[in-house]
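Engineer: coordinates only, sequence not included:
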C-alpha cells in the first residue's frame, strides 16, 4: 500500500491531497482512494508500528503538522513553528518530529506522545543569498544523523545547518557552507554513515558532495544534472540513494529528467544515465519493500505517479502510471 500526498488548493475535490493506492509489481497500480487529511499535505512520512500512521505537513494557514490514521483522518495536530511547512522528519526513536518551514525560515520541534503532538521549540535561521529567491532563510528539509543530531537544508542562505536536540530544545551548532547561489533543497545521507551526504541545489542544478573531515563539512565535488547546461525555469528537486550506496538518483523539474550517478568509494559521482519523465518530477523515492529495485517518480504538473525498474543501477520503464492531481510525495 502506498500513500500519496499533494496540494489541495486549486485542485478538484477528491482528486488530490491525501490518498492510498495498492501497487503490484506485475499489475501496477490499483485505484486511488482519497483519505481524510489536512489541507495541502505536501510531505508525508510513515510512523513506526504495526498500525498504519502518517505524519503530514499542512502548508496552508499558519502552518501545522498532523498525525493521520488512514480511514480515520487527523487524530492530532500541532503548530509547525513557522509558516509554510514543506517537510517533516521523524527521529529514529519516534519521540521527535522536526518540521521545516519554508516561508518562516525555521524548524519546529514537535513531541510525539501516542496520538498527541505538541510543539515544544522552534529555531529561526538568519541570512540570505544572491538569488532573487534567497531574500531570507528558507528551511526545506531536516535529516536526522542520529537521535539528537540533524542537518537542515536552507535554500535561502546556501547553508546546511547543523542542529542538535538537547532536553527538548533546538540548538544551532554549525554550518556547512555551499557555493553561492546553490539553494540547497534536499540531501541524501550515505547509507550507514553520518560523514557523507549529497546535497541537491535547487537553484544551480548541481549535486554537491558534502563530506565531514573531522573538523567540519566540506564540498568535495559539484556535478551537473544537465550536461547541456541549465535552462531558465529548471529546478532540481528530489534525491534518493540506493540501499547499497552505489547509485544516486536526482530529479530535475523543467528538464523533466531523472539523472543516475554511480557513486565511487569516496562518495564522488559520475553520471551514468538520464531518463525523461512526465512533467515536473518533484519527488523520487523507493517503493516500500522494494528499495533499490522500484523507483517512484511523482510528476506534480503532469498529475502522475510513475514507477521505474532498476537493473544494476540503471532505470527502465515499467509502464506503470497512476493519474493523481498535483502529487508531491509518495511513501
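Structural biologist: In hand now; what should we look at? Predicted model only: the values in this text are computed from it and were never measured.
Engineer: the closest residue to residue 294 other than its chain neighbours and residue 179, how far apart?
Structural biologist: Excluding the flanking residues, the one nearest residue 294 by CB to CB, 6 or more residues apart in numbering is residue 287, at 3.9 Å. (Glycine included, C-beta is placed from N, CA and C.) According to CB to CB, to the nearest Å, residue 287 stands 34 Å off from residue 179.
Engineer: higher neighbour count, those two?
Structural biologist: residue 287 (18 against 14; other CB atoms under 10 Å).
Engineer: the more buried one contacts residue 21, doesn't it?
Structural biologist: No - under the criterion of CB atoms under 8 Å, residue 287 is not in contact with residue 21, lying 11.5 Å apart.
Engineer: what residues do those two have in common as contacts?
Structural biologist: By CB atoms under 8 Å, 6 or more residues apart in numbering, residue 287 and residue 21 have these common neighbours: residue 2.
Engineer: so what's the spatially most central residue of the chain up against?
Structural biologist: By CA atoms, centre = their mean, the chain has its centre lying nearest to residue 186, at 5.9 Å. Contacts for residue 186 (CB under 8 Å, 6+ apart) come out as 140-141, 153, 199-200, 237-239.
Engineer: where does the closest residue to it other than its chain neighbours sit: helix, strand or coil?
Structural biologist: In this structure, residue 186 finds its nearest non-sequential neighbour in residue 141, 4.8 Å apart by CB to CB, 6+ apart. Judged by DSSP: H, G, I helix; E, B strand; the rest coil, the three-state class of residue 141 is strand.
Engineer: how close does residue 141 sit to residue 237?
Structural biologist: 11 Å.
Engineer: shared neighbours, these two?
Structural biologist: Common neighbours of residue 141 and residue 237 (CB under 8 Å, 6+ apart) are 185-186.
Engineer: so these two - more neighbours on which side?
Structural biologist: Between residue 141 and residue 237, counted using other CB under 10 Å, residue 141 has the larger neighbour count: 27 against 24.
Engineer: the more buried one reaches residue 188, doesn't it?
Structural biologist: No - the criterion here is CB under 8 Å, and residue 141 misses it with residue 188 at 10.1 Å.
Engineer: would you list the phi and psi of residue 11?
Structural biologist: In terms of degrees, to the nearest 10, the main-chain angles of residue 11 are phi -120, psi 150.
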